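**Student:** Next one to model:
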Amino acid sequence: MGRSAVNGQLDLLLLASLGVGEAHGYALIARIHERSGSGFELQEGSVYPALHRLEAEGWAASRWGEDDAARRRVYRLTSTGRAELERRTQEWRGFASAMGRVLGAAQ
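**Tutor:** Numbers count the residues shown, from 1 in each chain. Predicted coordinates:
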């Protein structure tokens, strides 16, 4: 999938990944890469600003954590973030369904 398509859905991808459990940025990148069947290769330069944006919106919270003697920012989904994840998931499913109908009619 093209980089612009992924960037357009980056917040949703991060919210969904945080919905699985808390993680630091690198782990979120790896989680999304794995869960997408290697379809999404996110860059740190886009993920960290997006995580800061999710925090500013109140959808994610972070804390300093220790992992293998490295101090890292660990992110988790807030209750507001869980509600936003549900809202965006429903919106995405509606979009994908409508797109599927349009594409199916074109064949």
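
**Student:** Helix, strand, or coil at the most centrally placed residue in the chain?
**Tutor:** In the chain, the residue lying closest to the centroid (C-alpha atoms, centre = their mean) is Leu14, at 1.5 Å. For Leu14, the assignment made with DSSP: H, G, I helix; E, B strand; the rest coil gives helix.

**Student:** Tell me how far it lies from Arg101.
**Tutor:** From Leu14 across to Arg101, the span is 28 Å (C-beta to C-beta, to the nearest Å). Where you see a C-beta, it was placed from the backbone N, CA and C, and this is true even at glycine.

**Student:** can you check Leu13 too?
**Tutor:** Leu13 sits 24 Å away from Arg101, going by C-beta to C-beta.

**Student:** Gln90: how many residues sit nearby?
**Tutor:** Counted by other C-beta atoms under 10 Å, the residues lying close to Gln90 total 10.

**Student:** Check for me that it belongs to a helix.
**Tutor:** Yes: assigned with three-state DSSP, Gln90 falls within a helix.
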